[in-house]
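Quick check, what structure comes out for this input:
(chains A and B)
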Amino acid sequence: MVDTVVFLVAAVVILVGALGVIFSRNPVHSALMLVMTLFGVAVLFVAQGAHFLAAVQVIVYAGAIVVLFLFVIMLLGVDTAENLSSEPLAGQRPAAAVVAVASVGLLAVLAVRAVQVSTGAEATTLPLDSERSNIAVLAEVLFTDYLFAFEVTSVLLVIAVVGAVVMARRPRPAATDELEDDGSDGDDLGVERHTQTEAELA
Amino acid sequence: MPPVFDTPAIDYHAFAPEIAMVVTLVVLLFVDLVFEERGRWATATVAGIGLLASVVPVLSLAVDGADRSLFGGAYVVDNFALVLKALFLVAGYVTVLISTDYIADGDYYEGEYYFMLVSSLLGMTVMASARDLISIFVALEMLSIPAYLLAGWRKRDLRGNEASLKYYLLGVFASAVMLYGMSLVFGVSGSTLLVDINQAISRGVDSVPLVTVGIVFIVVGFAFKVSAVPFHTWAPDTYQGAPTPITAFLSVASKAAGFAALVQIVFIGFLGREDVWAPMFWVLAALTMTVGNLIALRQTNLVRLLAYSSVAQAGFMLAPFAVAADIPADRGGVGAATGAVVTYLLIYAGMNLGAFAVVMAVARKTRSAEISAYGGLFAYAPGLAVLMGVFVFSLAGIPPLAGWYAKFVVFKTLLDAGTVAAVTLAVVAVVNSVIALFYYASVARQMIMEPAPEAETARVRVPGSLGAALGICAVATLAFGAFPGLIAQLGDLALLGVLP
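I've put the predicted structure just below:
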C-alpha cells in the first residue's frame, strides 16, 4: 500500500518535472524543473532500498550537475530572448523528429516484450548482506579492499586543486621587476633571463 | 550492533616509495608557501632530492626480494613493479635536471611545476603496482591530470594552450572509453581484481560479446595513452606546444606508464582471451611503426620529428603484445614478452631523454628546434653534436648503442613465437628500422655536413644540471649497448609476480 502511494507520488513529481523542463520558456526554470525530476528518481531509489544510489542521485545529479547547468545558463545570460525559429545546425528539427519517433518505437517494443518476459523479481546481480543496508556494505568495502584507491584519490583531489589554481591565476603583469632581485639561481644569463625561453621553439 | 570492520593489513615498507613521494609533495608546497619568491630556487632541489630519496625504498624492497601483495591483491609489489618504479623515478629525476634552468629562466610558476611533476610520477609508481581496475584507473588519472596541466605550462603561448587542450580533451575521451570497457568487464566478471577477472573471462563462454567489447575499449583507451596509431593525433601538437622538458617527460615516462598498465591488464587480466587482443595489437603495432616513421620522414622541426619517432618506437613496444600468447613456454612464454617490453622501455627512456636534453642545450643558443638550425653544430659544439649522434643512432638501433639491444629483444620475441603473423610483423619491423635510419641519419648529416646558419659559431653554454642529465643518459645508452647483459638481467627480473 505504502509502496504504491510512494510510487504514484514520485511518478507524478517526475513526470511534471520532465514536462516542465520541456515547456518552460525560461531556461532557469527548466533547470529547476530538472532538479524536481531527479529528486523524484531519488525517491524511487529509496523505495527500492538503494539508499546509496539515492544519495548519489541527489548529491551528484540534483546538486553538482544542475548547478553546473545553472552556471552555464547564467554565464550565457538569461535575459536574452530565445529565438526559437533559428536553427543553429542545419536539419536539426527533422533529425530530432526521427530520433524521437525511433525512441518511442523502441520503448513500445520494450514495453510489449516486457509483458512477456518480466518476472517481477527484484533485480540483483550479487547477493547482498540482507542484515545491513547497502551503504554499510559499501562503506566496509571502501575502507578495507579499496582503502588504497580511496586514499590515493584524496591525494589526487589536492593535486587537481593546485593545478586548477595555477591555471586560473592571471600571470603577474610586472613579473620581471620582481624577479630582478629574488636571488634565485646565481647564473648570469643577461638578457635571456626574462624572455620566455624557447617561445620560438614552436 | 555496530558493524565490525576487519582492518586491512598494511605493509608500510611496500608503500615506502609512494610515502616518500607524498612527503616530497608536501615539502614542495610548504617551501613555496613559506619562502615565496626567495624559495623558488630551492624547489627544483627539493624535488630532485625527494625523487632520489624515493629510490632508496625501491632498492631496499628489491634487496628484500619477496613479492608483497596488499588489499587482497589489488596492490602488488613484485620485481616488475620495482623495475618500473625505479625507471619512473630516475626518468623523473632526469626531467627535473633538464627542467631546472628552463623553468628558472622563463617566467613560470616553479614550485607548482615540480609539484605537478612529482604528482604525475606518484601516479606512475602507483600504476606499476596496481592490479585491480579501480587502482589502475585512479593511478591513470593521477598521472594524467598533472600532465595535462604541465603541457599547458606556457600559459601565454597559443601553441602551449593548444597542446594542453588537445591532450586534455583526447585524454578525457580515452579515459571515458576505457572506463566504459572496465565497467563491462566488471559486469561480466563480478570483480575488479585482474586475477579474478582472468578466472571469470577465460573460463566462461557466455557473455563473449560483452567481454570482447570490454577488452577492445580498455585496449583502445590505453592506445591513446601510448600514442599508438590511429590514436596518436594529439601527440605531435602536444609535444611541440608543451615546454620541452615536459615533452621529454611525456614521451618517456607517461608512455612507459601506459605500457606498464597494458602489461598488467593484458598479461594478467586478459590472458586466455588472446583471440580478442592479439590481432588488435598486431594491427596497432604495424600501423604505429609504419605511420609514425613515414610522417617523421617529412618533419623539419626536430621536436616534431622526435614526437613522431616516439610514436614509431611505441609500435616496436606494442609488437611483443601481438605475439605474447604464441611464445612457447620453453622460450619464456608471456614472461618473455613482458621482459621485451620492459627492456625496450628502459633503453628507450635513456636515449630519448638524452635526445631531448641535447635539443634543449642547443635551443639555449639557437632559440630554435628547426633541423636547419643544427647546421655546423659539429664544428662549434662537437661535444653536443657527438652526444646527439649517439642518441639518434641509438634510437635508430645501430650497434653497439643500447637501442640495438632493445630492437634485438623485440625481434627475438617475434621470431620465438614463430607463427606466420609474428614473422610478418618482424618483417614490417625490419623495414621500419631501415626507414627510421633515414631521418635519424639526416639529423647527423645536418650537424656535420651543413654550415651553421648565419655563421653563428659561438660556444653553446650547457648549464650544470642539463650537463648532468646529458651525462646520465649518455652513460646509460653507451653502457647498456656495450654490456647488454646488464639490461637483460633487469628485463628477465621484471616478471609479473602474480600470474593467474
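
and the next element down the chain from the helix or strand hosting residue B:100?
Residue B:100 belongs to helix B:79-105 when assigned by DSSP states H and E. Note on helix B:79-105: by DSSP H and E, the next helix or strand toward the C-terminus is helix B:110-129.

tell me the angle the helix or strand of chain B with the lowest mean pLDDT makes with helix B:79-105.
Within chain B, confidence by mean pLDDT, DSSP states H and E is lowest for helix B:484-493 among all helices and strands, at a mean of 77. Calculated by axes from the mean of the first three to the mean of the last three Cα atoms, to 10 degrees, helix B:484-493 forms an angle of 120 degrees with helix B:79-105.

Mind giving me the packing neighbours of helix B:484-493?
Here helix B:484-493 touches helix B:79-105, helix B:333-366, helix B:402-417, helix B:464-482, going by 3 or more Cβ pairs under 8 Å, 6 or more residues apart in numbering or on different chains; DSSP states H and E. From N, CA and C alone the C-beta is placed, and that goes for glycine too.

ok, now with 6 Å
In terms of contacts (3 or more Cβ pairs under 6 Å, 6 or more residues apart in numbering or on different chains; DSSP states H and E), helix B:484-493 is packed against helix B:333-366.

Any residues of chain B in contact with chain A? List them.
Within chain B, the positions lying close to chain A (Cβ under 6 Å from any Cβ of the partner chain) are B:3, B:5, B:8, B:37, B:40-41, B:71-72, B:75, B:102, B:104-107, B:109, B:112, B:115, B:119, B:134-135, B:138, B:142, B:145-146, B:149, B:159, B:240, B:363, B:367-369.

in chain B, what spans have low per-residue confidence?
For chain B, the stretches flagged by pLDDT under 70 are B:1-5, B:204-207, B:454-457, B:496-500.

whoops, chain A was the one
For chain A, applying pLDDT under 70 flags the ranges A:78-84, A:115-131, A:171-202.

The residue nearest to the spatial centre of it: what secondary structure?
In chain A, the centroid-proximal residue (Cα atoms, centre = their mean) is residue A:65; its distance is 3.8 Å. Under DSSP: H, G, I helix; E, B strand; the rest coil, residue A:65 falls in the helix class.

still on that earlier bit, show the buried residues in the residues of chain B next to chain A.
Among those, those classed as buried by neighbour count (16 or more other Cβ atoms under 10 Å in any protein chain shown) are B:40-41, B:71-72, B:75, B:102, B:104-107, B:109, B:112, B:115, B:119, B:134-135, B:138, B:142, B:145-146, B:149, B:159, B:240, B:363, B:368-369.

thinking again about what came up before, now the angle between helix B:110-129 and the helix holding residue B:100, please.
Calculated by the same axes, to 10 degrees, helix B:79-105 forms an angle of 170 degrees with helix B:110-129.

what packs against helix B:79-105?
By 3+ Cβ pairs under 6 Å, 6+ apart, helix B:79-105 packs against helix B:40-64, helix B:110-129, helix B:244-249, helix B:333-366, helix B:464-482.

what about residue 137, which helix or strand?
Went with chain A since none was named. Assigned by DSSP H and E, residue A:137 falls in helix A:134-143.

That was the other one, I meant chain B.
Element membership of residue B:137 [criterion: DSSP H and E] is helix B:133-151.

Can you dump the C-alpha atoms of that helix in CSV for me?
Presented in CSV, the C-alpha positions along helix B:133-151 are these (Å, rounded to 0.1, in the frame of the first residue of the first chain):
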residue,chain,number,x,y,z
LEU,B,133,40.7,-1.9,-12.3
ILE,B,134,39.9,0.8,-9.7
SER,B,135,43.6,1.3,-8.7
ILE,B,136,44.6,1.3,-12.3
PHE,B,137,42.0,4.0,-13.1
VAL,B,138,42.9,6.2,-10.2
ALA,B,139,46.6,5.8,-11.0
LEU,B,140,45.9,6.7,-14.6
GLU,B,141,44.1,9.9,-13.7
MET,B,142,46.7,10.8,-11.2
LEU,B,143,49.5,10.6,-13.8
SER,B,144,47.4,12.3,-16.5
ILE,B,145,45.8,15.3,-14.7
PRO,B,146,49.2,16.8,-13.8
ALA,B,147,50.4,16.0,-17.3
TYR,B,148,47.5,17.9,-18.9
LEU,B,149,48.5,20.9,-16.8
LEU,B,150,52.2,20.7,-17.4
ALA,B,151,51.6,20.5,-21.2
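
next helix or strand past it?
Once helix B:133-151 ends, the next helix or strand along the chain (criterion: DSSP H and E) is helix B:158-189.

CA atoms only for the following helix or strand past that following helix - export them in PDB, please.
Going down the chain from helix B:158-189, the next helix or strand is helix B:194-203, by DSSP H and E. Extracted in PDB, the C-alpha atoms of helix B:194-203 (Å, rounded to 0.1, in the frame of the first residue of the first chain):
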ATOM      1  CA  LEU B 194      42.700  -8.600 -12.500                       C
ATOM      2  CA  VAL B 195      43.400 -12.200 -11.300                       C
ATOM      3  CA  ASP B 196      39.700 -12.800 -10.700                       C
ATOM      4  CA  ILE B 197      38.800 -11.200 -14.000                       C
ATOM      5  CA  ASN B 198      41.100 -13.600 -15.700                       C
ATOM      6  CA  GLN B 199      39.400 -16.600 -13.900                       C
ATOM      7  CA  ALA B 200      36.000 -15.400 -14.900                       C
ATOM      8  CA  ILE B 201      36.500 -14.400 -18.500                       C
ATOM      9  CA  SER B 202      38.800 -17.200 -19.600                       C
ATOM     10  CA  ARG B 203      36.500 -19.800 -18.100                       C
END
